[in-house]
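Asker: sequence first, predicted model second:
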Amino acid sequence: MIRLTRGTAPLLSRGNSAILPRRRFAAGTPSSSLRPLLPSGGRRTAAHAASAVLVSVAGATYVRRAAQMEAPPAKESSLMDEFLERMFGTSAARDEEGAASSSSDDGDEEESEDGEDGDDVAFTPGRGRPVKVPLDPELVASLPVVPLSRVQTSPSSRRSPDDPLLVTHDGIVYDVSSFAAHHPGGRDLLLTAGGLDLSHFFRNYAVHGRSDKAARWLAPLAVGKLSDDDRRRAERGTTAAVHVERRHRWLGRARRRIVLVAATLPLWMTVRTCVGWVGWWAPGLGRWLARWVPVAVPGLSAGAEPLAVGGSGTHADADKQGDKDTHADNHTGNHTDNRRDSRPTVAVIGGGIAGCGTAWALRRSGFKVTLYEAREEVSGNARTFEWDFSPFRPKAPKEDQVVKSCVSVVAWPPLFYKNYMCLLKELNVETMDIPLSWFVNSKVPGAVGTLWAADPTPHEGSLRNVLKKDFDVYEKVVRFSDRVCNLFTMRWAPWRKHDTPSMYDSHQGIGLLNPLNVVPLYSLFRFLGGSDLWWQVVFTPHYTASFLVDELRPFPAVFGPLIEAQIPLLPNPANATSFSSRRSPNDCKLTTCQTWKHAGKGIRRVFDLLTADVDLRENTRVREVQILPDGKKRVHDEYDRHVDVDRVVFACPANAIGNIHKSAGWLANTIFSTFVYADDHHPDSGHMHPVMHSDGTVIDERFRKECLERASNYVEVTRKQDGTINIENQYNFGVQTAGFGVYDLPLEEKPVMLISHALGEGKEIDPKLVRGTANHARAHPLYSGWNVMAMLSLRLIQGKDGIYYCSNWTTPGNCHDMSFLSGLVCAHAIGAKYPFEDAEAEKDFHRLRDLMGF
């Protein structure tokens with residue numbers, strides 16, 4: 001593996017416009033000079049012309065009048081808004097329930113004594129570390145006092161990108177308008193924070209506190225300061241509820257546009273097919289026609305043609321070719337890679353399983369690959385954590401005194417993860433069965449009871465008895481969804497008689513016409529008589545543990561049968577087993593899933609092998625991708641280096657792409673802006689801020705010993721004082737770490753290994769037993785009709801100008817196999833060979849190729 005190491009990052013000077021535009025005002029700007037930036041009178045919001053939009057979804061046609069405004073009123077709603085909310089599960093405006101349920105914890109914290117006296121809010125386990133901006137005291141003293149009302153109205157008074165966009169932090173006012181187009185997390189996310197206090201965002205998006213980059217980017221942008229009273233008001237007023245409301249305003253704008261794109265999707269698919277047929281008969285004519293089509297035509301548009309690699313494309317042939325010669329341009333300081341061979345070059349941006357899978361497939365086919373990862377090491381969502389076993393193994397070798405467990409990617413069903421299983425076989429990484437068994441403890445009035453999800457027996461006090469009617473309705477919903485999906489995917493056809501189950505066939509061919517692709521499972525469940533209480537107490541708690549999202553109402557009904565086959569709520573002998581063990585005479589577990597035999601070490605081995613022989617640049621953020629006149633792409637990183645490549649693959653979160661690929665265009669930016677992630681609904685939820693600890697007292701004493709011994713997850717559901725439902729999830733890695741013999745150890749021979757999400761009211765973790773924290777912000781796209789609509793529209797830009805997209809958001813689901821396979825699809829479109837000799841796995845590959853528009 002080639003790793004590009006680095007030292008301390010160079011400080012960003014105020015005049016270095018290549019990295020950060022110069023701030024508008026120099027240090028010590030007098031208040032009179034601030035008047036052009038902060039006019040005394042507010043501006044009226046500019047209402048632009050409305051347009052009629054023809055909308056076609058699942059064969060139905062609807063007309064929507066979309067008013068394109070800079071900041072739409074938060075509570076404005078129309079009949080079409082109500083239809084879209086029912087159809088896709090979430091409103092184009094604010095999700096009222098989601099905003100309300102996400103406002104409790106931070107609101108209380110901001111009214112603590114630390115908030116009142118104006119000091120920094122104390123660091124809370126699971127939250128981001130405080131960001132301290134290095135400002136010269138003399139500069140702070142010279143800054144003018146800006147009224148908070150002016151800060152709060154700055155987003156709505158903007159008429160152009162050059163107008164001020166003000167935010168506050170620690171009592172200082174910053175104008176971030178020039179930084180919006182450079183924000184690593186994307187323009188929309190920074191615009192969401194306009195007029196608000198950044199302390200809330202720094203606490204909930206922990207990446208800002210992992211280095212001093214955010215602080216250094218902010219420092220040159222200070223333009224004013226708040227009074228002490230306004231500082232306290234700004235901090236208390238920036239709550240999760242306000243954040244969610246602002247975020248959904250921007251999402252609402254994107255959703256109005258994506259409806260237009262989706263309505264024209266059949267037209268563009270027809271045009272692409274026709275041009276493709278012409279190109280098959282007359283390649284030159286096809287390429288000429290593709291130049292005039294505003295969407296990408298696979299294999300014909302400029303940059304969408306597969307690249308040829310000389311020789312056999314094997315590792316041996318590739319390694320025999322020339323050496324890399326890196327030189328520095330004495331005038332610009334940029335570093336350019338000059339290669340003595342002519343192999344095609346590709347830059348992959350993002351080091352999760354999708355990006356690493358892309359790099360691996362390209363490299364083994366003979367391409368030269370540069371892989372960028374902004375974090376310290378590649379892995380994406382597949383993170384690991386080291387547990388200290390030294391008190392239990394004092395005489396063991398040092399390497400055996402630490403157990404590396406998984407964190408968020410823990411297990412998978414081999415039946416559905418065909419390509420990932422092929423990868424592990426290819427890399428010689430061993431797997432084993434994992435004893436998954438969820439335990440749900442509901443304390444919600446009207447639904448008090450417990451549930452071992454892998455045990456179908458309705459024991460006394462079981463939620464299967466308390467909510468029997470709802471379980472019956474859910475069973476009908478799953479059967480109905482399965483039959484509808486079988487109809488549209490033609491699983492009844494003779495030529496599919498020997499096909500194994502697949503999670504990819506629901507969105508290809510006539511499966512695209514299946515209305516259950518966009519109708520939420522929740523809506524279908526409620527329509528057939530299911531209660532909202534069951535959804536909140538049983539379904540969401542059970543699957544929150546699996547998908548790491550706590551908003552499952554938009555979950556498309558097409559996925560119902562799939563998740564039931566993998567992580568069932570209705571267990572049967574095909575997917576679960578009950579038995580007697582030393583742990584319990586009523587022991588139970590799912591039989592559908594496997595994990596890495598060596599747990600976290602297995603994960604790391606996978607990523608190390610995927611990135612072997614790749615030019616790996618960790619801890620390096622890509623700043624910009626330019627398209628050069630000769631069709632090459634120039635990739636600039638944050639350290640003022642650049643490489644010129646033939647193709648670029650984005651494998652990073654959707655929102656970040658627009659600020660890197662600045663020439664992407666209206667269509668691409670509309671698609672990128674539509675995707676919604678879990679933190680867009682609940683940014684301060686405990687599900688976004690897990691805590692690793694060894695405090696077993698967080699589990700109800702009545703079930704503590706049994707759950708620590710055999711429950712892979714302890715889920716406690718309570719109703720909070722404000723009336724909302726809290727889902728506390730304890731991931732028990734004393735059970736989930738099946739490798740190393742950890743699962744089989746008695747409790748007295750291993751530490752308590754819990755990862756907590758969203759502790760219930762009144763609960764606390766002993767600070768002395770906290771072992772670490774994590775953050776899941778921007779990690780998990782929601783399963784929603786909106787995301788499916790944007791994902792299907794992505795085919796219109798795949799390969800345009802030689803730029804491709806793969807990641808969890810480019811697939812219909814959020815799982816390791818889909819993300820990895822999306823990388824293989826992009827690599828194949830660029831010119832790599834499909835790497836496995838497995839007929840069923842290759843069928844899934846072609847299904848996703850079809851789904852992604854290749």
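Answerer: Yep, it's here.
Asker: of all the helix elements in the protein, which one is longest?
Answerer: helix 240-281 (DSSP state H).
Asker: now the element after that helix, going C-ward?
Answerer: Later in the chain than helix 240-281, the nearest helix or strand by DSSP states H and E is helix 283-291.
Asker: tell me the buried residues in that next one?
Answerer: G286, R287, L289, A290 (16 or more other Cβ atoms under 10 Å). Yep, even glycine has a C-beta here, placed from its N, CA and C like the rest.
Asker: and if you look at stretch 198-214?
Answerer: 198-209, 212-214.
Asker: kindly indicate which of those residues lies nearest L792.
Answerer: Using Cβ to Cβ, Y205 comes nearest to L792 of these, at 28.7 Å.
Asker: quick one: W277 from W292, how far?
Answerer: 16 Å (Cβ to Cβ, to the nearest Å).
Asker: higher neighbour count, these two?
Answerer: Using other Cβ atoms under 10 Å, the more surrounded residue of W277 and W292 is W277, with 11 against 7.
Asker: quick one: pLDDT of that one?
Answerer: W277 carries a pLDDT value of 95.
Asker: swap in E748?
Answerer: 95.
Asker: hang on, it in a helix?
Answerer: Yes. Counting by DSSP: H, G, I helix; E, B strand; the rest coil, one finds E748 located in a helix.
Asker: could you check how many residues crowd around it?
Answerer: E748, neighbours per other Cβ under 10 Å, totals 6.
Asker: same question, G303
Answerer: 18.
Asker: same thing with G509?
Answerer: 14.
Asker: that one and H816, how far apart?
Answerer: For G509 relative to H816 (Cβ to Cβ), the value is 25 Å.
Asker: cool, and L533?
Answerer: Taking Cβ to Cβ, one finds L533 at 32 Å from H816.
Asker: go on, S673?
Answerer: 26 Å.
Asker: not counting its neighbours along the chain, what's nearest V402?
Answerer: Leaving aside its chain neighbours, V402 sits nearest to E386 (4.9 Å; criterion: Cβ to Cβ, 6 or more residues apart in numbering).
Asker: contacts only, for that neighbour.
Answerer: Applying Cβ atoms under 8 Å, 6 or more residues apart in numbering, we find E386 in contact with V402, V403, K404, S405, G600.
Asker: what's the answer for E430, then?
Answerer: L424, W596, K597, H598, G602.
Asker: next helix or strand past whichever strand or helix holds the first one?
Answerer: Yep, that's L424 we're talking about. In this structure, L424 is located in helix 418-427 according to DSSP H and E. Next helix or strand after helix 418-427 toward the C-terminus (DSSP H and E): strand 431-433.
Asker: what sits up against that next one?
Answerer: Here strand 431-433 has contacts from P414, M421, L424, T591, C593, Q594, T595, W596, K597, G602, A738, G739, using Cβ under 8 Å, 6+ apart.
Asker: could you spell out the sheet neighbours of that strand, each with its direction?
Answerer: Neighbouring strands of strand 431-433 in its sheet, by DSSP bridges, are strand 594-596 (antiparallel).
Asker: so for the partner strand, what's the average pLDDT?
Answerer: pLDDT averaged over strand 594-596 gives 95.
Asker: how far out from the middle of the chain is that strand?
Answerer: 22 Å (Cα atoms, centre = their mean, to the nearest Å).
Asker: likewise stretch 759-773?
Answerer: The answer for stretch 759-773 is 25 Å, by Cα atoms, centre = their mean.
Asker: now that stretch: buried residues?
Answerer: By 16+ other Cβ under 10 Å, the buried positions in stretch 759-773 come out as L759, G760, I765, L769, V770, R771, T773.
Asker: strands - which of these land there?
Answerer: V770, R771, T773 (DSSP state E).
Asker: out of those, flag the one nearest to V643.
Answerer: For those, the nearest to V643 is T773 (34.8 Å; Cβ to Cβ).
Asker: how many other residues sit next to L667?
Answerer: Neighbour tally, L667, other Cβ under 10 Å: 18.
Asker: assess the claim that it and I797 are in contact.
Answerer: Yes. Contact between L667 and I797 holds when scored by Cβ atoms under 8 Å: they sit 6.2 Å apart.
Asker: among the buried residues of stretch 198-214, which ones are in helices?
Answerer: Using DSSP H, the buried residues of stretch 198-214 in helices are L198, S199, H200, F201, F202, R203, N204, K213, A214.
Asker: which of those sit farthest apart?
Answerer: For those, and using Cβ to Cβ, no pair is farther apart than H200 and K213, which are 18.8 Å apart.
Asker: how about stretch 362-372 as CSV, C-alpha atoms only?
Answerer: Extracted in CSV, the C-alpha atoms of stretch 362-372 (Å, rounded to 0.1, in the frame of the first residue of the first chain):
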residue,chain,number,x,y,z
LEU,A,362,-9.6,-0.5,-11.1
ARG,A,363,-6.2,-1.3,-9.8
ARG,A,364,-6.5,-5.1,-10.5
SER,A,365,-7.5,-4.2,-14.0
GLY,A,366,-4.3,-2.2,-14.6
PHE,A,367,-5.5,1.4,-13.9
LYS,A,368,-3.4,3.9,-11.9
VAL,A,369,-5.6,5.0,-8.9
THR,A,370,-5.2,7.8,-6.4
LEU,A,371,-7.6,7.4,-3.4
TYR,A,372,-8.4,10.4,-1.2
